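Asker: make a model of this:
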Amino acid sequence: MRHRFGGTLKDALLVVSLLAFGLSILYAPAVQAQQSGARTSLLAREPATARSGLEKAGALATRWQPDAGLRKIFISTATAEGTATEDDGWSYVFYSKRLRRSYEVSILGSMTMGSEGTDAGAIASLENLPKDFTESNKALTLAREGGYQLRTEIRMTLSKRAGEPATWEISSGNPAYLVDAESGKFLRVKE
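Answerer: Okay, here's the model as predicted:
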C-alpha cells in the first residue's frame with residue numbers, strides 16, 4: 001500500500017526507526033548526566049561556556065557605552081558540564097564609569113538581549129574581570145574536586161572584588177564553592 005509521501009508502510013517504519021535511533025544517540029549523554037540529578041543540554045550543539053558569548057556581549061555593551069567594562073558573568077542554571085542549558089543562558093554585566101550605570105547582556109542560544117541594569121551600585125563595587133579567566137566548565141570541575149556535589153540547580157557567578165582575584169562562585173544553595181579564576185585553583189568552601 002502506497003502513502004502520500006510515495007513510499008510503503010515498511011518505508012515509513014524504517015524512517016521512523018532511523019529517527020528514533022538517531023535521537024537515542026543524541027540523548028544518551030544527557031540521560032547519563034541526569035542520573036546524577038544535574039541538568040544537561042539535550043541537543044547536540046556546541047556547548048555554550050561562559051567565554052562563548054563574550055565577544056558578542058562585549059560588542060553590544062560597547063555600542064551601548066564605549067567605556068563599558070565587564071564586571072560579572074553569571075548563569076542561574078548551568079549543566080553538569082558547566083555550560084548553558086536549553087532554558088538558561090549566560091548573562092554578562094558591564095559597567096560604565098562615565099554614566100555610573102550597568103548594562104546586562106543575556107545570551108540564550110541565538111537570542112541576544114541587552115538592557116540597562118538596576119543594580120548599578122553593586123556592580124560599581126566590583127572591578128573589571130581579567131581577559132584571561134578560567135572557563136566555566138573547568139571551574140565546575142575544580143569545584144567538584146573540592147567537594148561540590150552536582151545538583152539540579154547549578155548557579156555560577158564570576159566576579160572580582162577589590163584586592164581579590166577574579167572568583168567563580170558555584171552553588172546549589174548553601175554552601176558555595178569558590179574557584180580562583182585567575183590561577184585556576186580551588187580556593188575554599190564558603191558557608
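
Asker: pull out the buried positions in stretch 144-153.
Answerer: Burial within stretch 144-153, assessed by neighbour count using 16 or more other C-beta atoms under 10 Å, is assigned to 144, 146, 148, 150. All C-beta spots, glycine's among them, are computed from the backbone N, C-alpha and C.

Asker: which residues does the first one contact?
Answerer: Contacts of residue 144 were listed using C-beta atoms under 8 Å, 6 or more residues apart in numbering, and they are residue 150.

Asker: is it true that it lies in a strand?
Answerer: No. Remark: residue 144 does not belong to a strand; assigned using DSSP: H, G, I helix; E, B strand; the rest coil, it is helix.

Asker: thinking again about what came up before, for the buried residues of stretch 144-153, which one is nearest residue 167?
Answerer: Here the nearest of those to residue 167, counting by C-beta to C-beta, is residue 146; it sits at 12.9 Å.

Asker: and the nearest residue to that closest one once chain neighbours are set aside, helix, strand or coil?
Answerer: The shortest distance from residue 146 to any non-neighbouring residue, by C-beta to C-beta, 6 or more residues apart in numbering, is to residue 186 (3.9 Å). Residue 186 carries the three-state label strand when classified by three-state DSSP.

Asker: same check on residue 58?
Answerer: Taking three-state DSSP as the rule, one finds residue 58 in the helix state.

Asker: other residues contacting stretch 105-113?
Answerer: When contacts are defined by C-beta under 8 Å, 6+ apart, stretch 105-113 is touched by residues 48, 53, 56-57, 60-61, 84, 86, 88-94, 114.

Asker: select only the buried ones of those residues in ChimeraX?
Answerer: Selecting in ChimeraX just the buried members of those, where the criterion is 16+ other C-beta under 10 Å, is done with this command:
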select :48,53,57,60,61,84,86,88,89,90,91,92,93,94,114
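
Asker: quick check: of the contacts of stretch 105-113, which lies closest to residue 126?
Answerer: Using C-beta to C-beta, residue 93 is the member of the contacts of stretch 105-113 that sits closest to residue 126, with 8.5 Å.

Asker: please enumerate the strands of this protein.
Answerer: Listed in chain order, the strands of the chain (DSSP state E) span 69-75, 90-96, 101-108, 111-116, 155-159, 167-171, 176-180, 185-190.

Asker: and those, which is most packed in?
Answerer: For the strands of the chain, the stretch with the most neighbours on average is strand 90-96, a mean of 25; neighbours defined as mean count of other C-beta atoms under 10 Å.
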